[in-house]
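Novice: my questions concern the predicted model and sequence given below.
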Amino acid sequence: MTQPDLFAQPAERATQLRAEIARLDHAYYVLDAPLAPDADYDALFRELQQIEADHPELRTPDSPTQRVGGAPLPEFAPVRHAVPMLSIQTETDTTPEGAAAFDQRVRNRLGLSADDPPVNYCAELKFDGLAISLRYEHGQLVQAATRGDGETGEDVTQNVRTIRSVPLQLRGNAPAVLEVRGEVLMKRADFERYNARQRDKGLPTLVNPRNGAAGSIRQLDPAIAAQRPLAFYAYGWGEIAGWAQQPDTHHAMLDALETFGLPVAPQRVHGPGAQTLIDFHARIAAARDSLPFDIDGVVYKVDSLALQRELGFRNREPVWAVAHKYPAQERSTKVIGIDIQVGRTGKLTPVAKLEPVFVGGVTVTNATLHNEDEVRRKDVRVGDTVIVRRAGDVIPEVVSVVLSARPADVGEPFDLYQRLGGQCPVCGSAIVREAGEADWRCTGGLFCAAQRKQAILHYASRRAMDIEGLGEKLVDQLVDAGIVRVLPDLYRLGLLKLAALDRMAEKSAANLLQALQASKTTTLARFLYALGIRHVGEATAKDLARHFGGLDAILDAPLEQLLEVPDVGPVVAQSIRTFFDQPHNREVVEQLRACGVHWSEAAPDRDAPKPLAGKTLVLTGTLPTLSREEAKARIEAAGGKVVGSVSKKTDYVVAGAEAGSKLAKAQELGVTVLDEAELLKLLADS
Ligand SMILES: NC(=O)c1ccc[n+]([C@@H]2O[C@H](COP(=O)([O-])OP(=O)(O)OC[C@H]3O[C@@H](n4cnc5c(N)ncnc54)[C@H](O)[C@@H]3O)[C@@H](O)[C@H]2O)c1
Ligand SMILES: [Zn+2]
């Protein structure tokens, strides 16, 4: 990025700026891969405009200030716009009161004095997407084109057809020719969802919604475009022919477009004078974060089409419209460090520490880097200049690195495991990243301070230890006050301490103590589930309890033994093993037992005979006494496997009432068919 060169002469500086702007324009408009945040680009652009205003002799016809957008890509068929697609002037005073200056300018140009009535205006959102022109002939969508350089755009009809909200056929009595102009964009939630999915799959993410929209529309493969969720909002028009009663104000035109079935954003107003605009500016600024899509500001337009014609155009901009921007949602800043945070579920998230930057209306000093692969893909290093995005209520994130600004002494490529020496930065337990997972995790779930609240809430939940009255608010209080650090502390709570907490009546404190006392008598399955071991849900906890009978056998079970448990595969077995290999986790388990948590242990099931070992069974129809789940559990406990469809490899089909095609198939293949009684008899042999 070119820094202002204070010693350059205006002519030299203008040349520098034009070259830099041309480079950024190409990346942004042609390649859909911006190299700098808009705020930086806008600063360069304004500087050039200022030089050209101060030194008109330096203005060249090929200056970026004299034209719109970028050259169309040769891969697309060119579309010559019957009415050019222009830009909009962005004012420097973009405070709400800035609207008064626009009003004054309009009044001056129209030769109105202070005694004349106010001019009517219309105000809309300034969508941050890609401008598109939709051509309808006799109500049918016949062509969709990008803005391109304003004169010639790209034919993107196939891709635009995949956008659900763009009508292929207009409703009502549409004019013979209607060119609708508007913006294609990606809603924030769709963008987040798309990126989350990509991250999970280890695939590249979209830089921002604007880019996602532009990149999708300018896809050569409509099938790819169709997978990207896009939206469209109309805000204007180009060529019109054969419209008998065409409205004569901008707002009535938008209303008419809406009646044709075109999407028009509801956030729009019209009314007299600057105050209409000032109010809209303030209202939208407050609502910006909660809008479903990104906007970069608001647009003010003179409402009367006759007055618009009178005011006309200047350079590449209409005189009757102006844009006021809000604080940028993307800014560049420097990475001064990369921290790793431990989330409440043990997930490790790399976070960039930043030189403070004002973005999206707040000062940001931290931005998420999501996960290790993401840091590597973006190649973010300490010392880099990065683009940071903060839009809506989403946490700020690092979008990309400005590689051209990378210093020679930049840090090493990021390696999470090495950075942490394999240990959770909060509790020192081992960290793991399972196959197919994007995140590293701390395995010290019972002990890790970062996971305390989550661990307690899970432990107390209804299907775990079922401790009534121990909800989120109370857990927050107990942990924040330092009263409960690890689970066994729960059993050391006394009435005095509890009743001293905010809003805790003595009665409810006593109830809680009673619930805690009652929870000490439990089952092994509940206790195992309550520990919150990753991948050990209720069903697996029950299987483990049944298979091993007692806790000690599980604590030390080698992987091979864990793998013998029905439905426990390598990932689950490893997760159990790693969990109990953490000394801190074991300590907590021992302390819980010492506090009196107990259950009755049974003979280990794994030593029992397995009459169905190696057999494959299929269940069909309704059995007289066993539910489908019970039958499955019993068969699995006896070493059998239950599958969904009958084949030659099936050993038995267990058929109940209303058995259908599976029974027929079994008979056809000559597979032995059992009823419930016969199944129970087989099981009883164990
Ligand atoms: N980051 C970069 O490197 C880089 C490079 C080039 C351009 N840019 C950015 O692109 C923009 C450049 O200008 P531009 O001419 O493309 O757009 P602009 O900001 O000058 O405004 C014109 C565009 O606004 C859009 N618009 C949205 N809502 C509208 C509404 N209600 N009514 C009318 N128009 C509406 C239309 O698409 C129209 O084409 C700037 O924001 C600039 O920061 C960034
Ligand atoms: Zn930890």
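Specialist: Yep, it's here. Ligands and ions are numbered 1, 2, ... in the order given.
Novice: can you tell me the element the residue most central in space within the chain falls in?
Specialist: By Cα atoms, centre = their mean, the mean C-alpha position of the chain lies nearest to residue 192, the distance being 2.2 Å. Residue 192 is part of helix 188-200 when elements are defined by DSSP states H and E.
Novice: the closest residue to residue 657 other than its chain neighbours: how many residues sit nearby?
Specialist: Sequence neighbours aside, residue 622 is the residue nearest to residue 657 in space, at 4.7 Å (criterion: Cβ to Cβ, 6 or more residues apart in numbering). No exception for glycine: its C-beta is placed from N, CA and C like everyone else's. By the criterion of other Cβ atoms under 10 Å, residue 622 has 14 neighbours.
Novice: list the contacts for residue 622?
Specialist: 656, 657, 658 (Cβ atoms under 8 Å, 6 or more residues apart in numbering).
Novice: separation between it and residue 668?
Specialist: For residue 622, the distance to residue 668 equals 22 Å [Cβ to Cβ, to the nearest Å].
Novice: then residue 256?
Specialist: Taken as Cβ to Cβ, the span from residue 256 to residue 668 is 66 Å.
Novice: between these two, which one's more packed in?
Specialist: Each of residue 256 and residue 668 had its neighbours counted (other Cβ under 10 Å), and the higher figure belongs to residue 256 (20 against 10).
Novice: ok, now which ones touch the more buried one?
Specialist: Residues near residue 256 by Cβ under 8 Å, 6+ apart: 246, 247.
Novice: distance of it relative to ligand 2?
Specialist: 61 Å (Cβ to the ion, to the nearest Å).
Novice: wasn't that residue part of a strand?
Specialist: No. Membership of residue 256 in a strand is not supported by DSSP: H, G, I helix; E, B strand; the rest coil, which gives helix.
Novice: model confidence score at it, please.
Specialist: Note on residue 256: pLDDT of 97.
Novice: got it, and the one 10 residues further on?
Specialist: Looking at residue 266, its pLDDT is 97.
Novice: next up, phi/psi of it, please.
Specialist: Here is the backbone geometry of residue 266 (degrees, to the nearest 10): phi -70, psi -20.
Novice: repeat that for the one 5 residues further on.
Specialist: Backbone geometry at residue 271, expressed as degrees, to the nearest 10, gives phi 170, psi 180.
Novice: any idea what it is bridged to?
Specialist: residue 121 (DSSP bridges).
Novice: give me the pLDDT value at it.
Specialist: 98.
Novice: I'd say it and residue 120 touch.
Specialist: Yes. Between residue 271 and residue 120 there is a contact under Cβ atoms under 8 Å: 6.7 Å.
Novice: near ligand 2, which of the contacts of residue 622 show up?
Specialist: Applying Cβ under 5 Å from the ion to those, one finds that nothing falls near ligand 2.
Novice: buried among these? Need that as a selection in PyMOL.
Specialist: Buried residues within the contacts of residue 622, by 16 or more other Cβ atoms under 10 Å, are selected in PyMOL with:
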select buried, resi 656
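Novice: what's the closest of the contacts of residue 622 to ligand 1?
Specialist: When those are ranked by distance to ligand 1 (Cβ to the nearest ligand atom), residue 658 comes first, at 60.5 Å.
Novice: contact partners for the closest residue to that closest one other than its chain neighbours?
Specialist: Counting by Cβ to Cβ, 6+ apart, residue 621 is the residue found nearest to residue 658 once chain neighbours are left out, at 5.1 Å. When contacts are counted by Cβ under 8 Å, 6+ apart, residue 621 touches 655, 656, 657, 658, 659, 660, 663.
Novice: tell me how far the fourth one lies from ligand 2.
Specialist: So that's residue 658. In this view, residue 658 and ligand 2 are 52 Å apart by Cβ to the ion.
Novice: now that residue: phi and psi?
Specialist: Per-residue torsions, residue 658: phi 60, psi 40 (degrees, to the nearest 10).
Novice: what does the last one give?
Specialist: Phi and psi for residue 663, reported as degrees, to the nearest 10, are phi -70, psi -40.
Novice: let me see the domain layout of the protein.
Specialist: Domain assignment for the chain by automatic domain parsing gives 10-66, 98-325, 332-420, 447-607, 609-684.
Novice: what number of residues lie near residue 506?
Specialist: Residue 506: 11 neighbours (other Cβ under 10 Å).
Novice: how about the contacts made by it?
Specialist: 495, 499.
Novice: equivalent analysis for residue 21, please.
Specialist: Listed by Cβ under 8 Å, 6+ apart, the contact partners of residue 21 are 41, 44, 45, 48, 64.
Novice: so which of the residues you listed sit within helices?
Specialist: When these are checked against helices (DSSP state H), the matches are 41, 44, 45, 48.
Novice: near ligand 1, which residues of this structure? Just list them.
Specialist: With the criterion set to Cβ under 6 Å from any ligand atom, the chain comes near ligand 1 through 24-25, 28, 34-38, 41-42, 68-69, 87-88, 124-127, 131, 147, 183, 235-236, 299, 323.
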